[in-house]
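Asks: Based on what follows, work out the 3D shape:
(one chain, ligands or ions: 3)
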Amino acid sequence: MTSPGGLPHHIAIVMDGNGRWATKRFLPRLAGHRQGMESLRRCIRACLDRGVGVLTVFAFSSENWNRPADEVSGLMELLAMALGKEIPRLHADGVQVHFVGERSGLSDKVRAGLDAAEATTAGNSKMVLNVCFNYGGRWDIAQAAARLASQGQPITELALNGAMALAHVADPDLIIRTGGEMRVSNFLLWQAAYSELVFSDKLWPDFDEAELDRAIAEFAGRERRYGQTSAQVAADSGQKAA
Ligand code: IPE
Ligand code: IPE
Ligand code: MG
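Replies: Numbers count the residues shown, from 1 in each chain. Ligands and ions are numbered 1, 2, ... in the order given. Purely as a prediction, here's the structure:
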């Protein structure tokens, strides 16, 4: 879905490059993650200002548990801290927050914090923010299929769609990955079927409003064909304009 003026309704971001940002400055990797939080705050503000409907960010993947123990615990602490500090601000800005991912691996305290943040912001409607934490696209497909199977429901495309952890929002229109890598790393495997992909060489802490606007402009210049021909798309948009 594209909003007027070519603005994507739903933007999803793989926030990559925090570690390299820190290493380049001879800082510990965690300093990069802390700076990444600042960048996320700026990005949320920019999306609110531009009227983006949904922002989904990849904060911690199912595979990120494989990192050194001190980096993992540092990231968990950062999440716990962000819950205390950022949620009141997001709530005041009218943001509805969702945490998407497997919760069983998280501590009781963090889990309670996630539930409380979601409950506090549930009635907000300015923008939806999905924070994918302990998330993997394969996890989501598997949990959705398992849920349907346990209910004895047939596993159809429609039913799976409704059982996904991101069923409360439309599929992402634009997926941005920072940090220069051109891969999906287990992000939104199901929902990315017709997303436009934009890759940025900027490391996540350096991702700013100008780079966001560049990605949005690149998106606005794309032709989304959904399997049709270019001529069909042109005819459809001519009909809509008439
Ligand atoms: C992304 O930055 C944040 C997380 C995966 C938690 P990285 O930590 O992957 O940064 P690089 O890719 O090592 O630079
Ligand atoms: C993807 O980045 C996960 C997040 C941004 C949270 P990674 O840094 O984990 O991806 P790979 O390992 O380079 O594929
Ligand atoms: Mg990385």
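Asks: Say whether ligand 1 is contacted by stretch 60-75.
Replies: Yes: against ligand 1, stretch 60-75 shows contacts by Cβ under 6 Å from any ligand atom at 60, 64, 75. C-beta coordinates here come from the backbone N, C-alpha and C atoms, glycine included.
Asks: What is the end-to-end distance of that stretch?
Replies: This stretch, stretch 60-75, spans 8 Å end to end (Cα to Cα, to the nearest Å).
Asks: Quick one: name the residues of this protein near ligand 2.
Replies: When proximity is defined as Cβ under 6 Å from any ligand atom, the chain approaches ligand 2 at 14-16, 58-61, 64, 181, 183, 185.
Asks: Emit the ChimeraX select command for whichever of those residues are buried.
Replies: Buried residues among the residues of the chain next to ligand 2 (16 or more other Cβ atoms under 10 Å), as a ChimeraX selection:
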select :14,15,16,58,59,60,61,64
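Asks: Make JSON lines from the residues of the chain next to ligand 2 and add pLDDT to it.
Replies: Shown next, in JSON lines, are the residues of the chain next to ligand 2 (pLDDT from 0 to 100):
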{"residue": "14", "pLDDT": "98"}
{"residue": "15", "pLDDT": "98"}
{"residue": "16", "pLDDT": "98"}
{"residue": "58", "pLDDT": "98"}
{"residue": "59", "pLDDT": "97"}
{"residue": "60", "pLDDT": "97"}
{"residue": "61", "pLDDT": "97"}
{"residue": "64", "pLDDT": "97"}
{"residue": "181", "pLDDT": "98"}
{"residue": "183", "pLDDT": "98"}
{"residue": "185", "pLDDT": "98"}
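Asks: and which of the residues of the chain next to ligand 2 is nearest to residue 124?
Replies: Closest approach to residue 124 among these (Cβ to Cβ): residue 59, at 19.6 Å.
Asks: Surely the closest one touches residue 79?
Replies: Yes: with contact defined as Cβ atoms under 8 Å, residue 59 reaches residue 79; the gap is 7.4 Å.
Asks: Identify the contacts common to these two.
Replies: Applying Cβ atoms under 8 Å, 6 or more residues apart in numbering, one finds that residue 59 and residue 79 are jointly contacted by residue 133.
Asks: who's in contact with the strand or helix carrying residue 233?
Replies: Using DSSP states H and E, residue 233 sits within helix 230-241. Applying Cβ under 8 Å, 6+ apart, the contact partners of helix 230-241 are 223-225, 228.
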